[in-house]
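Enquirer: Next one to model:
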Amino acid sequence: MTRHFLKLSDLSPAEALSVVKRAQELRRSPDPGYRPFVGRTLAMIFTKNSTRTRVSFESGMAKFGGHALFLHAGTTQLGRDEPIADTARVLSRMCDAIMIRNNSQADQTELALHSRVPVINGLSDIHHPCQLLADIQTWMEHRGDIRGKTAAWVGDGNNNVCHSFIEAAQLFGFTLNVAAPQGYGPLENIVSAAKGSVRICRSAAEAVSGADLIVTDTWTSMGQEAEQQRRLSAFADYQVDLPLMQGAHPDAIFMHCLPAHRGEEVTAAVIDGPQSVVWDEAENRMWAQMALLEFLLLS
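Expert: The predicted structure follows:
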């Protein structure tokens with residue numbers, strides 16, 4: 001049966017941990033002679049701009065001896081209103097896997113429904129599961145087992161990375177504190193599915209109190225530019241700065257999926273400081289996705 005990866009919970013806890021541990025192994029001991037994807041192709045559909053997603057998938061496929069095709073929706077038949085089901089039927093006869101980065105989780109589900117090969121969510125409006133594989137890998141490399149730890153999400157809770165962090169909390173056995181302004185909280189169905197792994201907090205200070213990991217994301221994501229001034233005002237009390245970090249566990253680390261807006265959601269002193277692991281986190285997108293592709297295509 002074809003396995004897809006549209007959200008983190010498409011993996012069982014054991015599978016998710018196995019993928020993360022394999023990603024650690026690939027980073028720790030890369031083998032240039034190991035090329036399991038010679039002759040294999042990954043189709044990458046983009047309707048949203050990308051740096052880390054595109055480069056990490058392309059580099060990962062190249063390291064494994066395969067090839068990645070960059071398909072911008074505006075220059076394909078998708079941009080001329082070809083049904084996504086038809087695109088799925090065609091691409092999955094020519095390629096071994098499909099990655100899609102777009103605005104619609106529903107369209108990704110439709111793509112997977114009609115694809116013969118694995119479909120991977122490279123980002124949607126609801127989930128960003130590849131980011132979380134990299135984030136958990138980064139935590140484990142710096143601090144070991146995340147089970148029983150506490151992470152704090154500060155900022156926009158109705159955010160694809162936050163939603164995937166909520167799923168990660170249940171899968172990997174940690175607690176996630178979420179601090180977001182009123183009206184910007186995570187989707188209730190995703191919170192309720194996490195079965196108590198998530199705690200909604202009244203303030204950023206409450207969320208980070210004693211936390212082992214602090215995470216944030218941009219206040220204004222792609223497609224929300226018209227809301228920027230309103231968002232800057234709404235999130236003014238949710239900036240991750242040094243005083244906020246001091247409320248966390250002394251050994252706490254800071255993550256951000258990037259790109260970051262220094263002076264908005266995070267100060268330069270934090271993201272460029274000694275508690276930040278954002279550069280390892282960014283690199284680990286490649287290793288985690290290589291491990292994921294192995295799991296989907298070879299297991």
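
Enquirer: tell me the pLDDT at the residue positioned nearest the centre of the chain?
Expert: Closest to where the C-alpha atoms of the chain average out (CA atoms, centre = their mean) is Q131, at 2.1 Å. pLDDT, Q131: 98.

Enquirer: Now do the contacts for it.
Expert: Applying CB atoms under 8 Å, 6 or more residues apart in numbering to Q131 gives the contacts L123, V161, S164, C257, R285. C-beta: built from backbone N, CA, C; applies to glycine.

Enquirer: Restricted to helices, list those.
Expert: Residues of these located in helices (DSSP state H): V161, S164, R285.

Enquirer: Secondary structure class of G65, three-state.
Expert: With DSSP: H, G, I helix; E, B strand; the rest coil as the basis, G65 sits in coil.

Enquirer: What's the local residue count around the nearest residue to H249 once chain neighbours are set aside?
Expert: Using CB to CB, 6 or more residues apart in numbering and skipping the chain neighbours, the partner closest in space to H249 is D212 (5.1 Å). Using other CB atoms under 10 Å, D212 is surrounded by 19 other residues.

Enquirer: what's the closest non-adjacent residue to I136?
Expert: Among residues not flanking I136 along the chain, V20 sits closest, at 5.1 Å (CB to CB, 6+ apart).

Enquirer: Output the lowest mean pLDDT helix or strand found in the chain.
Expert: Scoring the helices and strands of the chain by mean pLDDT, DSSP states H and E places helix 228-234 at the bottom, with a mean of 90.

Enquirer: My guess is S197 contacts F172. True?
Expert: No. In this structure S197 lies outside contact range of F172 using CB atoms under 8 Å: 9.2 Å.

Enquirer: quick one: which of those two has more around it?
Expert: Ranked by neighbour count (other CB under 10 Å), S197 and F172 place F172 first, with 23 against 19.

Enquirer: Okay, domains of this structure per the record?
Expert: What the TED database lists as the domains of the chain is 8-128+285-298, 131-281.

Enquirer: what does the average pLDDT come to for the first one?
Expert: Along domain 8-128+285-298, the predicted confidence averages to a pLDDT of 96.

Enquirer: Now do it: distance from first to last residue.
Expert: 19 Å (CA to CA, to the nearest Å).

Enquirer: same question, the longest one
Expert: Domain 131-281 stretches 9 Å from its first residue to its last (CA to CA).

Enquirer: Quick one: the strands in this structure, in order.
Expert: Secondary structure of the chain (DSSP state E): strands at 41-46, 67-72, 97-101, 119-123, 150-154, 175-179, 198-201, 213-216, 253-256.

Enquirer: and of these, who's closest to S56?
Expert: strand 119-123 (9.2 Å; CB to CB).

Enquirer: relative to strand 41-46, how tilted is that closest one?
Expert: Using axes from the mean of the first three to the mean of the last three CA atoms, to 10 degrees, the direction of strand 119-123 lies 40 degrees away from that of strand 41-46.

Enquirer: hmm, back to that, among the ones in helices among the contacts of Q131, which one lies nearest to R35?
Expert: Taking CB to CB as the measure, R35 lies nearest R285 of these, at 20.4 Å.

Enquirer: dump the residue contacts of that closest one.
Expert: Contacts of R285 (CB under 8 Å, 6+ apart): R52, T53, S56, C130, Q131, A134.

Enquirer: Near R93, how many other residues are there?
Expert: Neighbours of R93 under the rule other CB under 10 Å: 10.

Enquirer: so what's N103 closest to, chain neighbours aside?
Expert: D125 (5.2 Å).

Enquirer: Isn't the one you found up against D107?
Expert: No. At 9.6 Å, D125 does not count as touching D107 under the criterion of CB under 8 Å.

Enquirer: can you pull the contacts of the residue nearest to N103?
Expert: Taking CB under 8 Å, 6+ apart, we find D125 in contact with N103, S104, Q105, N160.

Enquirer: phi, psi of it?
Expert: Dihedral angles of D125 (phi, psi; degrees, to the nearest 10) stand at phi -70, psi -20.

Enquirer: And it, how close does it get to I166?
Expert: According to CB to CB, to the nearest Å, D125 and I166 sit 15 Å apart.

Enquirer: Tell me, how many residues neighbour M1?
Expert: Using other CB under 10 Å, M1 is surrounded by 2 other residues.

Enquirer: nope, F46 is what I meant
Expert: For F46, the neighbour count with other CB under 10 Å is 21.

Enquirer: Please type out the ChimeraX selection for whichever of the contacts of D125 turn out to be buried.
Expert: Buried residues among those (16 or more other CB atoms under 10 Å), as a ChimeraX selection:
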select :105,160
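
Enquirer: Please tabulate the contacts of D125 in CSV and include distance to P13 as additional columns.
Expert: Below are the contacts of D125 laid out as CSV (distance: CB to CB, whole Å):
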residue, distance to P13
N103, 29
S104, 28
Q105, 22
N160, 21
